[in-house]
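Peer 1: Here is a sequence together with a model predicted from it:
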Amino acid sequence: MYSAFVSMVVIFTAATQLTGYEIMERVVNAGRWHDLKGAIELTLVSSSGEVKKREMDFYTKRYEADLSRMIMILKAPPEVKGMAFLLIERKEGDDERYLYLPAMRVVRRIEASGKGGSFMSSDFSYYDIGGVKLRDWTFQLKGEEEREGQDVYVVEALPANRKVEKETGYSKIEYEIRKDIFLIWHAYYYNRAGVKFKEYKLNEFHRLDDGSVIAVDFEMKNLVTAHRSRIRFVGLEVNTGVPDKLLTVRALRRR
Amino acid sequence: MRRLGRTIFTGVCLLPVAVSPAFAELSLSGYAKTSAYWFTVSGRTHEAGEFSRLGVRLQVNGDASYNQVRAKFAVDIDYDFGMLSKDVLFINPFEIYVDLYTTLVDLRVGKQFVFWGTTSWLPPTDVLAPWNFAGMGPEIEDYRVSVPAVKLDFYLGDVTVEGICFYSAAGNRYGPGLTAVQVEPEAKALEGALKVMWPVKTVDFSAGVLLIHDKDGLPVFSPEGMGFDYTRRVAAFTTDGVWVSGRWSLRWELLAQVMEQDKWFGRNNPYRVDAAVEAAWMLTENSKLSLQYRFWKNWNEASPAFVFPEHRLVFTGDVRLFSDMLRIRTTVDAGVDKYSLFVMPILEFRPVDAISFSAGTVVFDGDRATVFGAIDAFDTAFVEVKGYF
């Protein structure tokens, strides 16, 4: 009787065992937001402890699961105040980037140093900021562990093709996903030479009215240079109906 | 009638001054800087080693919004020591305008910069507003001249139509003794331009038509002495584009213009083609290089001196290092078939946010008949300390 019960539990557990892809799908869907607005505080800390702060207002809207638009208006430091940036993600081809230059009062379509390019001189890349792109990776569940008092899934992500590896600069990402909230708790990034060079850590999350969650304070550390970057959302408002017209080149031209 | 028209136009452009106090919230920003510029070669008006500028500047930018109306101003307050044998206070409100946003149209009225073109250095199609070539340096407000204007942007889906009109207020500036001066006191008529812009996937195109005046002028002699008449009308057609693919971009511009026959020498209607192609490469998020090829040629000019075609190559580099603490910018503009050179390297050091130290040089050289050769006595070296707020 006992062995039959154990067998049933094992069979049931195996049947409900999430795959790596399903776990990451839950991560993508954990924050069921359509649009966000608020301010971003970006803190850059050098290896010698020097601190630089960047502040910006932002609006973003999801048009598909992993396609969004985002506009950022820099507020600090004062030498870059007024500069604004529009990112339009495209399913096919390159994302579009536009920059408003306050000195010249013009909007320019700009080049991009790839999705792996640094976001505002931080340790985050534009790709990191955009969140997990399911179609770009193959995921494999490597185990379930306890890390820093949290039960986590350990998921390994490998680039789906060479283009993803080249664009992102990552040959592998190891995710630790918190079981209770399906947010990335830690992540370790490997460069194209296979060296672990960046570490992500979640500091704080908010639970939304509908029960979903969103990361609001997180940081990335470059393990090679010891440079750190922290992003904190301030005054975050979710699903307020950010109008499409705010996320256009015209809105940039109005800066 | 012209005087009335000009008065009305000026009144409309000064409207921002009257409207701006109505805005409750005002955001202020700007910078204060101390700078020293030295002439590095002797000229008719100065000796090498003399200060071309030594003083302080406070720039204040204001920005206020109320619903769909926005007001902006920017003013430079310069205090130069010992210029013209005495201290000089100079206040230059180089921008003051009001924006009105509606569903289809955005309107900008007031003194404003007008920038056209896509290339990063001396865009061929950027001929609406005058340039101050002798003021080339790190601050754009020193070498671009703002104009009182009315600008309308119509948004029709992905297509944008920009219309702009303003009075011809000044010619291009080439420094003391060379700046175009108006022979007749009144500007002749409105200048205007219309541009249509449309994107196709990752390419932005535009095409425009301009009815403006010759900003380089013709040398003329009058009872008051020699001056430059820049009242000749110019009709111009422009097209430009930007194509971006990953780290690369290709920008191009074409200007084709025909000038009115001049009344002084009875010259024919000269016409001109001016084109540029620029490739830019973003090495990293903090460094970018570009190379531009530019060609122009004039036809039907009475004097062979104005006919020569010119081929130029322009290199620009912008590199930021050590978490933006150090920035190196360089522009080299060189004639290929006729010696003409502009070089401007600038080194900027930002030890902390909001403070910067800069040093650089501005070098003009070349044949006297070229733009940079004509102002080759205005080479300078400079240092600046700048604080932003």
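Peer 2: Yep, that arrived.
Peer 1: Return the residues of the stretch 151-255 of chain A in contact with chain B.
Peer 2: Contacts of the stretch 151-255 of chain A with chain B, taken as Cβ under 8 Å from any Cβ of the partner chain, map to A:227, A:250, A:253, A:254. C-beta coordinates here come from the backbone N, C-alpha and C atoms, glycine included.
Peer 1: ugh, wrong one, I meant the stretch 1-150 of chain A
Peer 2: Residues of the stretch 1-150 of chain A lying close to chain B by Cβ under 8 Å from any Cβ are A:44, A:46, A:52-53, A:76-79, A:81-82, A:93-94, A:96-97, A:103-106, A:108-114, A:117-118, A:121.
Peer 1: Show me those that map onto strands.
Peer 2: Among the residues of the stretch 1-150 of chain A next to chain B, the residues falling in strands (DSSP state E) are A:44, A:52, A:53, A:76, A:96, A:97, A:106, A:108, A:109.
Peer 1: and the gap between residue B:70 and chain A?
Peer 2: For residue B:70, the distance to chain A (Cβ to the nearest Cβ, to the nearest Å) stands at 8 Å.
Peer 1: I meant residue B:158, not that one.
Peer 2: Residue B:158 is 9 Å from chain A, by Cβ to the nearest Cβ.
Peer 1: cool, and residue B:58?
Peer 2: Applying Cβ to the nearest Cβ to residue B:58 and chain A gives a distance of 14 Å.
Peer 1: Quick check: beta-bridge partners of that residue?
Peer 2: Beta bridges link residue B:58 to residue B:32, residue B:77 when assigned by DSSP bridges.
Peer 1: Need the pLDDT of it.
Peer 2: Among the per-residue scores, residue B:58 holds a pLDDT of 96.
Peer 1: Count the neighbours of it for me.
Peer 2: 15 (other Cβ atoms under 10 Å in any protein chain shown).
Peer 1: how about it, what does it touch?
Peer 2: Going by Cβ atoms under 8 Å, 6 or more residues apart in numbering or on different chains, residue B:58 touches B:30, B:31, B:32, B:76, B:77.
Peer 1: hmm, which of those residues are the buried ones?
Peer 2: Neighbour-count burial (16 or more other Cβ atoms under 10 Å in any protein chain shown) is assigned, among the contacts of residue B:58, to B:30, B:31, B:76, B:77.
Peer 1: from those residues, which two are the most distant?
Peer 2: Spatially, the most separated pair among the buried ones among the contacts of residue B:58 is B:31 and B:77, at 11.4 Å (Cβ to Cβ).
Peer 1: what touches both of these two?
Peer 2: Between them, residue B:31 and residue B:77 share these contacting residues under Cβ under 8 Å, 6+ apart: B:57, B:58, B:59.
Peer 1: Dump these to CSV, plus distance to residue A:237.
Peer 2: CSV is the format used below for the shared contacts of residue B:31 and residue B:77 (distance: Cβ to Cβ, whole Å):
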residue, distance to residue A:237
B:57, 40
B:58, 37
B:59, 34
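Peer 1: Up against chain A, what does the stretch 151-300 of chain B have?
Peer 2: Neighbours of chain A within the stretch 151-300 of chain B, by Cβ under 8 Å from any Cβ: B:153, B:155, B:160, B:201-202, B:204, B:242, B:244-249, B:280-286, B:288.
Peer 1: ok, so what distance separates residue B:70 from residue B:146?
Peer 2: Distance, residue B:70 to residue B:146, using Cβ to Cβ, to the nearest Å: 17 Å.
Peer 1: Show me which of these two is the more surrounded one.
Peer 2: A side-by-side neighbour count of residue B:70 and residue B:146, using other Cβ under 10 Å, places residue B:146 first with 23 against 19.
Peer 1: got JSON lines for the buried ones among the contacts of residue B:58, with pLDDT too?
Peer 2: Formatted as JSON lines, the buried ones among the contacts of residue B:58 follow (pLDDT from 0 to 100):
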{"residue": "B:30", "pLDDT": "93"}
{"residue": "B:31", "pLDDT": "95"}
{"residue": "B:76", "pLDDT": "94"}
{"residue": "B:77", "pLDDT": "94"}
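Peer 1: All the strands of the stretch 51-200 of chain A, residue numbers only.
Peer 2: Taking DSSP state E, counting those that start in this stretch as the test, the strands found in the stretch 51-200 of chain A are A:51-64, A:67-76, A:84-88, A:96-101, A:106-109, A:137-147, A:150-159, A:172-178, A:184-190, A:196-207.
Peer 1: Neighbouring strands - and their directions - for the longest one?
Peer 2: Okay, so that is strand A:51-64. Sheet pairing of strand A:51-64 (DSSP bridges) gives strand A:35-45 (antiparallel), strand A:67-76 (antiparallel).
Peer 1: Equivalent analysis for the third one, please.
Peer 2: When sheet partners are counted by DSSP bridges, strand A:84-88 sits next to strand A:67-76 (antiparallel), strand A:96-101 (antiparallel).
Peer 1: where does chain A have low pLDDT?
Peer 2: Along chain A, segments meeting pLDDT under 70 span A:1-16, A:65-66, A:113-115.
Peer 1: Number of residues surrounding the residue nearest to residue A:230 when sequence neighbours are not counted?
Peer 2: Distances taken as Cβ to Cβ, 6 or more residues apart in numbering or on different chains place residue A:219 nearest to residue A:230, at 4.0 Å, with adjacent residues excluded. Number of residues near residue A:219 (other Cβ under 10 Å) recorded here: 19.
Peer 1: likewise residue B:321?
Peer 2: Residues within reach of residue B:321, counting by other Cβ under 10 Å, total 11.
Peer 1: what pLDDT does it get?
Peer 2: 89.
Peer 1: My read is that it contacts residue B:283, right?
Peer 2: No - taking contacts as Cβ atoms under 8 Å, residue B:321 lies outside contact range of residue B:283: 11.8 Å.
Peer 1: buried set for stretch A:171-178?
Peer 2: For stretch A:171-178, a neighbour-count test (16+ other Cβ under 10 Å) marks A:172, A:173, A:174, A:175, A:176, A:177, A:178 as buried.
Peer 1: swap in stretch B:374-389?
Peer 2: Within stretch B:374-389, the residues scored as buried using 16+ other Cβ under 10 Å are B:374, B:375, B:376, B:377, B:378, B:379, B:380, B:382, B:384, B:386, B:388.
Peer 1: Same check on stretch B:249-266?
Peer 2: B:249, B:251, B:252, B:253, B:254, B:255, B:257, B:259, B:262.
Peer 1: and if you look at stretch B:193-202?
Peer 2: In stretch B:193-202, counting by 16+ other Cβ under 10 Å, buried: B:193, B:195, B:196, B:197, B:199, B:202.
Peer 1: What average pLDDT does it get?
Peer 2: pLDDT averaged over stretch B:193-202 gives 92.
Peer 1: Can you list the low-confidence ranges for chain B?
Peer 2: Judged by pLDDT under 70, the stretches of chain B that qualify are B:1-25, B:82-85, B:168-169, B:175-189, B:219-230, B:262-267, B:302-308.
Peer 1: Give me the residue at the spatial middle of it.
Peer 2: Chain B has residue B:144 as the residue nearest its centroid, 3.0 Å off, counting by Cα atoms, centre = their mean.
Peer 1: In space, what's closest to that residue - neighbours in sequence excluded?
Peer 2: residue B:113 (5.8 Å).
Peer 1: Contacts only, for that neighbour.
Peer 2: The contact partners of residue B:113, by Cβ under 8 Å, 6+ apart, come to A:104, A:105, B:94, B:95, B:129, B:140, B:144, B:146.
Peer 1: Buried only: go through these for me.
Peer 2: A:105, B:94, B:95, B:129, B:144, B:146.
Peer 1: excluding its backbone neighbours, what's nearest the second one?
Peer 2: Okay, so that is residue B:94. residue B:146 (4.7 Å).
Peer 1: So the one you found sits against residue B:92, correct?
Peer 2: No - the pair residue B:146 / residue B:92 is not scored as a contact, 9.1 Å apart, by Cβ under 8 Å.
Peer 1: Show me the buried ones among the contacts of residue B:113 that map onto strands.
Peer 2: With DSSP E as the criterion, strands contain B:94, B:95 from among the buried ones among the contacts of residue B:113.
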